[in-house]
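1. I would like the atomic coordinates for the input below:
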Amino acid sequence: MGLKIGIFTDSYRPYTSGVVRSIETFSAELQAQGHEIYVFAPDYHNCPKEDKVYRFSSIPAPTNHEYTLAVPFSIRLRPTLKKLNLDIIHVHSPFLLGRLGARCARKMNIPLVFTFHTLYDQYVHYVPFGQNITKEITKKFCADFCNNCDLVIVPTQVIGKHLHNWGVKTEIAAIPTGIKIDDFRTRQRDWLHKRFDIDASCKILISVGRLGKEKNFTFVLQSFKQVSVSFPETRLVLVGNGPEKENLVSLAGELGINDKVIFTGTLAKEEIAKAYNSADIFVFASVTETQGLVIGEAKAAGLPVVAVKAFGTSEMVEDGIDGFLTDLNTEHFVDKISLLLRNENKLKLLGRNAATNAEKISSQNCANRLVRCYKEVIEKNKKNYSYQFRT
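-> I've put the predicted structure just below:
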């Protein structure tokens, strides 16, 4: 019999992010298995109505106007939840709607699951003052939230260990966001070349992500400057948008590589898949990832990966097998990119391995693991409730 699952999230479509992709991917797989998914999310300007998606009045975020902050209150929430009769609540943030979902779970006496998507302490650069204090407060805040949940899900084992070091005592399960493998395998090998007028002889490095400081695109540009000296026919494509875009465009100009760097802006999911498939190497320098979902997508498209070794990224790349993990050092990063550009056979071998290894995190397999966790925590909750009732 299918489960009724309530998803509370501070980030949802039409906004694009790794959290949104994770929710969409898991929801699609769970619905295909016969489970019912109900999403409680912020509203956006001109946001279309969707079945089983409940929106909260919201205001634009002060540091990112594409993102909205939900007002975590609605007079319709209680009767809606009573009608839905949920089996479990799964929150995807420790803030705003995440905290609201946690309160609802406790009032309804149903299990609360939390997916820790983001190393929030690594984002304190968006706070204008007291960043060191803010970082410590954020760690304690997140640890306390985790300890009030029945289960915490992390995308990678290394993040689970990280949370234990913060003082999290709640059970932790490592379940990566799965990849819909077939969605990232197309036959359009020249889409980027045609769309952005890139010569067919050029090798293309690609990176995908929000253009924010935490994604470390400055490092990517500085590294590509060195790559372009030895391989002048190589191009760098940056897919995404964000608050750092103007600064990154300016930096590309200062480095003298603006004619070799392409900023695509936001692309539709289908276009991103085409972009992966028409590139040669995926490069990634973020040091704040809990998983690095885009690495899995790139591997599904058959791209070898060169990435800085940090947190979740270190579990997404098999060093020397389907890509390379490097130090946070441009010389080391450039060396591995250059190795692949010089050796076509090596590039193709690692690309084939990447496509094979991506199968390990297929969305269906990951969804199956999530359902098992749901059922275990629901059963445990029932036993605890029965015990409390008898005593």
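2. Buried residues of the lengthiest helix in the chain, list them for me.
-> Secondary structure assigned by DSSP state H gives helix 363-390 as the longest helix of the chain. Buried residues in helix 363-390, defined by neighbour count with 16 or more other C-beta atoms under 10 Å: 363, 365-367, 370-371, 373-374, 377-378, 381. Quick note: C-beta positions are derived from backbone N, CA and C, even for glycine.
3. can you count the residues close to Asp182?
-> When neighbours are counted by other C-beta atoms under 10 Å, Asp182 registers 11.
4. can you give me phi and psi for it?
-> Taking degrees, to the nearest 10, you get phi -60, psi -30 for the backbone angles of Asp182.
5. Please apply the same query to Asn343.
-> Dihedral angles of Asn343 (phi, psi; degrees, to the nearest 10) stand at phi -120, psi 90.
6. which strands and helices sit next to the longest helix of the chain?
-> helix 18-32, strand 88-91, strand 112-115, strand 151-154 (3 or more C-beta pairs under 8 Å, 6 or more residues apart in numbering; DSSP states H and E).
7. what residues go with each domain of the chain?
-> Domain ranges of the chain: 4-178+362-390, 181-361, per automatic domain parsing.
8. Among the ones you listed, which one carries the weakest average confidence?
-> With a mean of 90, domain 4-178+362-390 has the lowest mean pLDDT of the domains of the chain.
9. Let me see the ranges of the helices in the stretch 151-300 of the chain.
-> Applying DSSP state H, counting those that start in this stretch to the stretch 151-300 of the chain gives helices spanning 157-166, 191-195, 217-230, 245-254, 269-277, 293-300.
10. Pull the distance from the longest helix of the chain to the chain's centre.
-> A distance of 25 Å separates the centroid of the chain from that of helix 363-390, by C-alpha atoms, centre = their mean, to the nearest Å.
11. so it versus helix 18-32, what angle?
-> 80 degrees (axes from the mean of the first three to the mean of the last three C-alpha atoms, to 10 degrees).
12. Tell me which of the helices of the stretch 151-300 of the chain sits nearest to Ile337.
-> helix 217-230 (5.5 Å; C-beta to C-beta).
13. circling back to that earlier point, for Leu341, which of the helices of the stretch 151-300 of the chain is the nearest?
-> Among those, helix 217-230 sits nearest to Leu341 (C-beta to C-beta), with 7.4 Å.
14. List the buried residues for that closest one?
-> Buried residues in helix 217-230 (16+ other C-beta under 10 Å): 217, 219-228.
15. Out of these, flag the one nearest to Lys49.
-> Nearest to Lys49 among the buried residues of helix 217-230, with distances taken as C-beta to C-beta, is Phe217, at 35.5 Å.
16. give the contact list for the closest one.
-> For Phe217, the contact set (C-beta atoms under 8 Å, 6 or more residues apart in numbering) comprises 207, 209, 211, 238, 244, 248, 285.
17. Tabulate the residues you listed (a markdown table), appending neighbour count.
-> Below are the contacts of Phe217 laid out as a markdown table (neighbours: other C-beta atoms under 10 Å):
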| residue | neighbour count |
| --- | --- |
| Ser207 | 27 |
| Gly209 | 24 |
| Leu211 | 21 |
| Leu238 | 26 |
| Glu244 | 17 |
| Leu248 | 19 |
| Ala285 | 24 |
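18. how about those in TSV, adding distance to Thr177?
-> Converted to TSV, the contacts of Phe217 look like this (distance: C-beta to C-beta, whole Å):
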residue	distance to Thr177
Ser207	19
Gly209	14
Leu211	21
Leu238	22
Glu244	24
Leu248	26
Ala285	20
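19. Go through these and flag which are in strands.
-> 207, 238 (DSSP state E).
20. Give me the most central residue, the protein.
-> The centroid of the chain falls nearest to Gly18 when counting by C-alpha atoms, centre = their mean (2.7 Å).
21. Skipping its backbone neighbours, what lies nearest that residue in space?
-> Once flanking residues are discounted, Gly18 sits nearest to Leu293: 4.7 Å by C-beta to C-beta, 6 or more residues apart in numbering.
22. So the one you found sits against Ser22, correct?
-> Yes. With contacts counted by C-beta atoms under 8 Å, Leu293 reaches Ser22, the gap being 6.9 Å.
23. more neighbours, these two?
-> The neighbour comparison of Leu293 against Ser22 (other C-beta under 10 Å) goes to Leu293, with 26 against 22.
24. still on that earlier bit, nearest to Cys202 among the helices and strands packed on helix 363-390 would be which one?
-> Closest approach to Cys202 among those is made by helix 18-32 (28.7 Å; C-beta to C-beta).
25. Would you mind listing the buried residues in the closest one?
-> For helix 18-32, using 16+ other C-beta under 10 Å, the buried residues are 18-27, 29-30.
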